[in-house]
Structure formats: structure tokens, C-alpha cells
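>>> Using only what follows, build the 3D model:
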Amino acid sequence: MTPVKTLPPDAIPDIEGAPLSREYSVLLKSLHHLMTVGTYYSLEHEQYVAASGKAATSISAGMIGRSSLTLEISATGLICGSQTVPADHREVRPLYDLLVPLNVASLEIDQGVTGDDLRQTLRVLREAHLQFGNSTGFREIVLDGLPPTIRAVEAKLHTSGESDVLPDPENIEDLARSFLNLVEQIVANLKRGEAIGPGKGEGTGDGSFSTELADLVEEMKHLAMLESDPHRLLQLIENAQRALDLSRSPGSVDLVFRILRQKPRKNPDPNKPPQASLAEARKQCADQALVMDKLKALKFAAGDLGPLPVDNSKRDYLGICFKVMLAEPSSSLMTHLKASCEIALGDPETDLEDVQHCAHWVAEALRQDRAAVCDRILDAITRPLRAHHLTLLPTFWLMLWSLTDEDLHTELWPFLVNEVLLGVGEAPGDIHRALLEAVGSVGLHAARSQRRRLYGMPAFRDDRASSRIFSVPPVQLYPLHVLLMTSPLAPWHGPRLWKHLRATQDGSLLSVVVPMLGPYAREHGELVGDLIAQEAKGAMPDETRQAVVMLLEQGLACLPPNGRQRKWVPAALDWLGRLDPETARPVYKKVLRQRRWLFLKAWPETCRSAVERRMQAWNNA
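Presented below is the predicted three-dimensional model:
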């Protein structure tokens with residue numbers, strides 16, 4: 001009997017179960033650890049800088065005299081020298097998911113790579129990934145800015161980009177050629193997947209699959225040749241890009257075929273309401289049998305998830321997908337499930353009742369398994385709504401918020417904040433105010449408990465967000481503003497909040513302190529955050545009180561004569577007397593008695609009146 005080899009606990013197995021070579025194992029573990037740290041900290045945070053330096057040292061030491069290491073991307077995972085690590089291995093999945101959508105063929109890392117090089121590379125890849133996911137036109141992905149010690153080999157693809165102008169009909173040939181190039185790459189991926197393991201039906205090996213591929217290519221060529229509308233060709237290219245990502249997995253052939261055969265819609269006339277056939281929309285959904293077959297492959301009984309509906313309606317179909325997501329599916333199955341949800345919710349006929357169904361389902365699921373809902377299901381719902389039904393996305397969130405209690409609101413808060421910062425489709429005023437009210441209903445302590453998850457949201461991967469968070473007084477969103485002041489978005493948020501506060505002249509302590517501090521500086525963020533919290537809660541810590549009193553006393557003492565006319569000065573005098581009467585008394589004496597030219601009072605009437613009112617309040621106390 002052949003003894004069974006057991007791998008060391010920290011070993012990374014390749015696709016055949018053998019341990020990965022030491023140098024590649026160190027490389028993958030170092031990159032995985034660095035990307036994990038990057039979900040909690042910004043690229044310039046000291047913790048991330050330290051982690052990147054440690055990762056670079058480990059990678060160089062693990063090369064054992066080699067000049068470089070190359071990671072190649074295949075349909076099944078990462079090729080590391082002569083070994084392949086499965087794409088769903090936990091040390092590989094984050095890197096694989098980052099590189100695949102960008103169509104990176106290989107990543108080469110040289111001996112002597114530094115922590116700065118690793119951070120710069122991840123910055124370039126993440127920016128490209130964000131650009132890829134949040135765009136609407138099409139252009140070639142270009143990875144500019146990589147350091148000399150790291151190189152990425154990429155294929156020529158077209159992906160979306162907001163800055164592109166819709167093409168003229170004269171560019172039809174270029175669009176058609178781009179579409180057919182994508183189809184060729186999809187077919188090549190499907191052929192490789194079929195060679196590794198049959199992905200369609202049972203893989204009878206009778207040549208029928210090759211025939212189907214040939215028929216598909218001819219069908220796509222015919223479609224590209226006849227299509228004369230550039231907008232419809234752009235939709236074909238978008239469908240092909242989505243199919244290309246899925247074609248790298250052998251089990252997704254049915255879904256790839258369906259996505260490619262989706263019929264593009266005409267460019268909508270903004271003056272006419274959209275019309276679509278329900279029967280045509282239903283054809284865009286992947287076959288329910290695909291999910292059911294995957295369900296049977298899981299290592300649990302279907303009964304554990306409760307009764308599975310057999311009706312072919314969209315809502316039952318989504319219910320099946322959600323139930324499978326709750327059962328911790330493999331990463332490859334999760335890819336299928338998310339794609340299926342996107343097709344179903346991207347249906348032009350998706351309506352308010354569908355969104356209400358999703359909200360009720362998520363609310364109930366949250367009570368059973370918060371982690372599964374937050375990590376998997378929410379994104380599978382909100383992503384397609386954001387892409388295809390922006391007007392329904394805020395409605396989904398308001399429904400979900402109303403169906404959950406305060407405890408669950410804490411779990412949902414970072415996801416809702418993410419939507420608000422992304423703009424939630426620029427929702428109408430009353431709906432947007434309701435969303436902001438929901439954001440402000442979570443207390444500061446609860447919000448801080450979700451800080452790590454919040455900073456890892458897509459809204460924090462860019463350098464800007466929706467300015468509509470300033471459409472209400474900051475005190476109404478004080479937990480959000482306090483966290484944003486020290487977040488990766490602080491360079492964007494701080495100056496805008498500062499401008500908003502400087503323009504506010506309501507006599508509040510904030511409207512006094514901010515003008516006294518002068519131009520925005522990031523080191524003022526903590527004090528301003530404390531003052532926003534103080535205004536919301538009505539209580540001020542002694543340390544903050546002392547800092548504010550010192551600021552008011554020094555600011556008033558240093559005011560030039562022509563600065564005493566500023567609108568905030570009377571309020572500053574009043575606040576000094578409210579916070580610390582003993583410190584205020586000599587200042588008040590100066591305001592009332594100081595003269596210029598022996599007989600003219602040096603301080604304006606508004607300042608003297610503010611002082612007299614506060615002194616009268618002392619006497620009446």
C-alpha cells in the first residue's frame with residue numbers, strides 16, 4: 001500500500017497536490033499578506049509601508065540566487081515555473097481576481113524589488129481595476145507607471161472608460177474588429193478549458209463541442225458584419241468582455257454562450273419610455289439547471305437550505321442563487337452565481353417588486369448569516385443594480401434599512417455609506433435625504449467598529465466621492481465626517497468640509513473655530529471631528545474644551561484692528577465666556593475699555609454687545 005503524503009500545514013499545494021517550490025511559495029504568501037493588509041490601510045499608511053518592506057525582503061531572500069520570478073495566468077490558476085496553483089486557493093485568489101479582468105498574461109518580479117515597488121505596482125493595478133469596473137465606453141487597458149523591477153505582459157483588449165466619446169458610424173469596422181478579436185480569445189479559452197476538463201454537458205468527446213464553437217464564431221462574424229449601429233456594437237463588445245472573464249473557467253461554457261448571444265438593444269431615445277419584451281429578457285438569464293447542477297456538487301444536502309423553488313420566475317431563480325451563496329460556495333461557483341444574478345437583475349424588466357423581493361430576502365438572510373450576506377450577497381445585488389438600474393438602487397437600500405433593526409444597521413452601515421459616496425445614481429432629493437438620514441442614524445461608536453470594512457469599500461479606492469454628503473448640515477452625518485477626516489479619502493473630504501464650514505455663519509462653535517484656524521490643514525481634522533461630534537451630542541471632553549479655549553483666547557488677542565469686523569468675532573467672544581469665564585474676563589475687560597485716539601471705542605458695537613450679554617448671563621446665573 002502506497003503511503004499517503006501529507007503536506008506541511010503552511011505548504012501551498014499545486015494542482016496535482018504537490019507542495020509548491022519554496023521561492024514561489026514565499027512570493028505568493030508575501031503578496032497575499034500585503035494585499036490583505038491593503039484592505040485595511042491606505043497605500044501610504046505606516047502599517048502598509050512596513051508590510052510592503054517586509055514582503056519585498058522576503059521575496060528577494062526567497063529567490064535563492066535567481067534573477068526574477070514569473071507568475072503566468074491561465075484558465076485554471078497561476079503558473080509558477082513548472083507548477084500551477086489553483087485559482088481558488090486562498091493565497092492566490094485575491095491576486096488572480098485582480099489580474100484576470102485586466103487581461104494580464106504574466107507578472108515578472110526581479111531580484112532586489114523594494115517595498116516602494118510593490119506598493120506602486122498594486123496602486124497601478126488597483127487603479128486599472130477600478131477604471132475597468134466603473135466605466136461605460138471602451139478603450140484599451142494600459143498599465144502605465146509600473147516600477148522597473150516589476151513587469152506585466154498584457155494582451156490587447158478593449159474595456160470601458162467614461163472619458164471616451166461614442167464613436168461615429170465611420171468607426172464601425174474598428175468596433176467590429178475589436179468584437180471579433182474578443183470572440184477569438186473567448187474561443188481559445190474555451191478550447192483550453194475543454195482540454196483540461198469538459199465544461200459543457202458531459203463532454204462526450206464526439207466533436208460536437210468543436211462544432212458548436214465553430215458555429216458560434218460564424219454566428220458572431222455574421223452579427224458583426226451586419227450590425228451598423230455603433231451603440232449596439234458597443235453593447236456586443238461589453239457582452240464579450242464579460243464572457244471573456246468567465247471563459248477562463250471550464251465550467252462556465254453555457255453561461256458564456258448565453259452572454260455572447262444576447263441581442264443588443266437599440267440606443268434608447270431619451271424622449272421615449274424604454275420598451276422590452278419580457279420573453280426576450282428571460283432569454284438573457286442563464287439556465288436554472290446550471291445553478292442546480294452546481295448545487296448538487298456541493299458537499300451538503302439541498303434540504304439544508306430549505307425548499308428550493310422549481311418555478312422559472314426571476315424571483316425564484318434569484319432565490320436559488322442567494323441560497324447557494326449562503327452555503328459558502330467555491331470561488332468558481334461564486335463567479336457563476338454572481339454572473340447569473342447580474343443577468344437576472346440586469347433584465348430591462350426588473351422592477352420595484354423584484355427589488356422589494358431582494359430586500360426582504362436579504363433582511364431575512366442577515367438574521368441567519370451576517371457574514372455570508374455582507375461578503376457575498378449584497379455585492380451580487382447592488383453591483384447589477386448600479387450598472388443597469390440606478391433608479392432602483394436607492395429604493396433597495398431604503399427598503400432594506402426599514403426591514404432591519406439597529407443591530408443589523410451597524411453591519412449594513414459601511415455598505416450604505418459606500419453607495420452614498422458613489423452617488424447612488426444621483427437619487428432625487430427626497431430619496432437622497434432619506435439615505436443620508438439612515439447614514440446619520442448610526443452612532444459614532446458603532447461606526448468606528450466598522451472602520452476597517454468601510455475603508456476597504458470601492459468608494460475609497462478613488463480620490464473623490466459624491467459631494468452630496470455636504471447637502472445637509474455636517475452634524476447630521478457626524479459619524480461619517482469624523483471617520484472621513486482620517487480615512488484614505490481625507491485629501492478629498494477635508495478641504496470640501498472646510499469650505500462648507502467656513503461658509504456657515506450660524507453662531508455655532510464650528511462656525512467660529514474653522515475661520516480662526518485659517519486655510520485647511522490635515523492636522524486640524526481631529527479637532528474639527530471632535531467639535532462636530534460635540535455639536536451632535538451636546539457634550540465636550542475636557543481636553544477638547546481646553547484646546548478650544550486656548551485657540552479662542554489667542555485668536556482674539558492676535559486680531560488686528562481691521563479684523564474685529566469679521567462676522568465670527570462676536571460669536572467667538574460669546575463662546576469663550578461660555579466655555580471658560582475666568583479666561584474670558586480679562587479679554588472682556590479689554591473689549592469694553594480699549595480706546596483709540598483716547599475717546600473712540602476700539603471694538604465694534606456687535607462685539608461689545610456680545611460681551612455685555614454674556615456678562616449679564618453670568619450675573620443672572
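>>> now the strands for the stretch 451-600 of the chain?
Ranges of strands in the stretch 451-600 of the chain, per DSSP state E, counting those that start in this stretch, are 595-596, 600-601.
>>> Would you convert the ones you listed into a markdown table that also reports mean pLDDT, distance to residue 53 and mean neighbour count?
C-beta here means a position set from N, CA and C on the backbone, and glycine is covered the same way. Compiled in a markdown table, the strands of the stretch 451-600 of the chain are given as follows (pLDDT from 0 to 100; distance: least, Cβ to Cβ, whole Å; neighbours: other Cβ atoms under 10 Å):
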| stretch | mean pLDDT | distance to residue 53 | mean neighbour count |
| --- | --- | --- | --- |
| strand 595-596 | 80 | 61 | 10 |
| strand 600-601 | 82 | 63 | 11 |
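>>> which stretch among those comes nearest residue 437?
Nearest of the strands of the stretch 451-600 of the chain to residue 437, taken as Cβ to Cβ: strand 600-601 at 47.2 Å.
>>> Next one: the most centrally placed residue in the chain relative to residue 371, how far apart?
Residue closest to the mean C-alpha point of the chain, counted by Cα atoms, centre = their mean, is residue 458 at 1.2 Å. Applying Cβ to Cβ, to the nearest Å, the value for residue 458 to residue 371 is 19 Å.
>>> Packing partners of the longest helix along the chain?
Ranked by residue count under DSSP state H, the longest helix found in the chain is helix 172-196. Judged by 3 or more Cβ pairs under 8 Å, 6 or more residues apart in numbering; DSSP states H and E, helix 172-196 is in contact with helix 208-226, helix 230-247, helix 253-260.
>>> so where is the stretch 101-250 of the chain shaky, pLDDT-wise?
Across the stretch 101-250 of the chain, the ranges flagged by pLDDT under 70 are 130-142, 154-172, 174, 193-209, 227-228, 230-231, 242, 245-250.
>>> same thing but 50
133-140, 155-170, 196-205 (pLDDT under 50).
>>> and what of the chain?
Along the chain, the parts satisfying pLDDT under 50 run over 1-4, 133-140, 155-170, 196-205, 267-312.
>>> Please give the number of neighbouring residues around residue 453.
18 (other Cβ atoms under 10 Å).
>>> Disregarding residues adjacent in the polypeptide, which is nearest to it?
Nearest residue to residue 453, sequence neighbours excluded (Cβ to Cβ, 6 or more residues apart in numbering): residue 414, at 4.7 Å.
>>> if I look at that neighbour, how far off is residue 487?
Distance from residue 414 to residue 487, by Cβ to Cβ: 11 Å.
>>> So which of these two has more stuff around it?
Legend: neighbour count by other Cβ under 10 Å for residue 414 and residue 487, higher for residue 414 (23 against 20).
>>> pretty sure the more buried one is in a helix, no?
Yes: assessed by DSSP: H, G, I helix; E, B strand; the rest coil, residue 414 belongs to a helix.
>>> thought it was touching residue 458?
No: counting by Cβ atoms under 8 Å, residue 414 does not reach residue 458; the two are 11.1 Å apart.
>>> What values do phi and psi take at residue 603?
Backbone torsions for residue 603, taken as degrees, to the nearest 10, come to phi -110, psi 140.
>>> what residues are up against the residue lying closest to it once chain neighbours are set aside?
Spatial nearest neighbour of residue 603, excluding adjacent residues (Cβ to Cβ, 6+ apart): residue 591 at 4.7 Å. Contacts of residue 591 were listed using Cβ atoms under 8 Å, 6 or more residues apart in numbering, and they are 573, 603, 607-608, 611.
>>> change it to 6 Å
Shown in contact with residue 591 (Cβ atoms under 6 Å, 6 or more residues apart in numbering): 603, 607, 611.
>>> what does residue 520 give?
Residues near residue 520 by Cβ under 6 Å, 6+ apart: 494-495, 498.
>>> quick one: which of the residues you listed is most hemmed in?
Result: residue 494 is most packed of the contacts of residue 520 (other Cβ under 10 Å), 21 neighbours.
>>> Against residue 533, how distant is that residue?
Using Cβ to Cβ, residue 494 is found at 16 Å from residue 533.
>>> ditto for residue 551
From residue 551 to residue 533 the distance is 17 Å (Cβ to Cβ).
>>> go on, residue 258?
Residue 258 is 52 Å from residue 533, by Cβ to Cβ.
>>> do the same with residue 47
For residue 47, the distance to residue 533 - Cβ to Cβ - is 25 Å.
>>> Could you check which of those two has the larger neighbour count?
residue 533 (19 against 12).
>>> The more buried one: what's it in contact with?
444, 478, 482.
>>> so how far is stretch 467-479 off the chain centroid?
How far stretch 467-479 lies from its chain's middle: 21 Å, per Cα atoms, centre = their mean, to the nearest Å.
>>> likewise stretch 405-412?
On Cα atoms, centre = their mean, the centre of stretch 405-412 falls 20 Å from the chain's centre.
>>> That one: which residues count as buried?
When burial is assessed from 16 or more other Cβ atoms under 10 Å, stretch 405-412 yields the following buried residues: 408-412.
>>> end-to-end on stretch 510-524?
The first residue of stretch 510-524 is 12 Å away from its last residue (Cα to Cα, to the nearest Å).
>>> That one: which residues count as buried?
510-517, 520, 524.
>>> do stretch 43-58 as well
Residues 48, 51-52, 55-56, 58 are the ones in stretch 43-58 that count as buried (16+ other Cβ under 10 Å).
>>> Please produce CSV containing the residues you listed, extended by secondary structure and distance to residue 90.
Below are those laid out as CSV (DSSP: H, G, I helix; E, B strand; the rest coil; distance: Cβ to Cβ, whole Å):
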residue, secondary structure, distance to residue 90
48, helix, 20
51, helix, 18
52, helix, 20
55, helix, 17
56, helix, 22
58, helix, 18
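>>> Which of those residues sits closest to residue 218?
Taking Cβ to Cβ as the measure, residue 218 lies nearest residue 55 of the buried residues of stretch 43-58, at 48.7 Å.
>>> May I ask you to confirm that residue 186 is in contact with residue 237?
No: using Cβ atoms under 6 Å, residue 186 is not in contact with residue 237; the gap is 11.9 Å.
>>> outside of the strand or helix carrying residue 122, which residues touch it?
In the assignment (DSSP states H and E), residue 122 maps to helix 115-133. Helix 115-133 has contacts (Cβ under 6 Å, 6+ apart) with 43, 52-53, 55-56, 98, 101-102, 143, 145-147, 149-150, 159, 461.
>>> What of stretch 45-58?
26, 30, 34, 37, 41, 113-115, 118-119.
>>> most neighbours, which of those residues?
Highest neighbour count within these: residue 118, with 26 neighbours (other Cβ under 10 Å).
>>> Let me know how buried the closest residue to residue 618 other than its chain neighbours is, in neighbour terms.
Using Cβ to Cβ, 6+ apart and skipping the chain neighbours, the partner closest in space to residue 618 is residue 581 (6.1 Å). When neighbours are counted by other Cβ under 10 Å, residue 581 registers 15.
>>> Now do the SS call for residue 78.
Judged by three-state DSSP, the three-state class of residue 78 is strand.
>>> how close does residue 36 get to residue 411?
21 Å.
>>> and what of residue 382?
Taking Cβ to Cβ, one finds residue 382 at 15 Å from residue 411.
>>> now swap in residue 189 and tell me
In terms of Cβ to Cβ, residue 189 sits 38 Å off from residue 411.
>>> just the helices in the stretch 451-600 of the chain please.
Taking DSSP state H, counting those that start in this stretch, the helices of the stretch 451-600 of the chain run over residues 451-455, 478-484, 490-502, 509-517, 525-537, 542-557, 569-579, 581-593.
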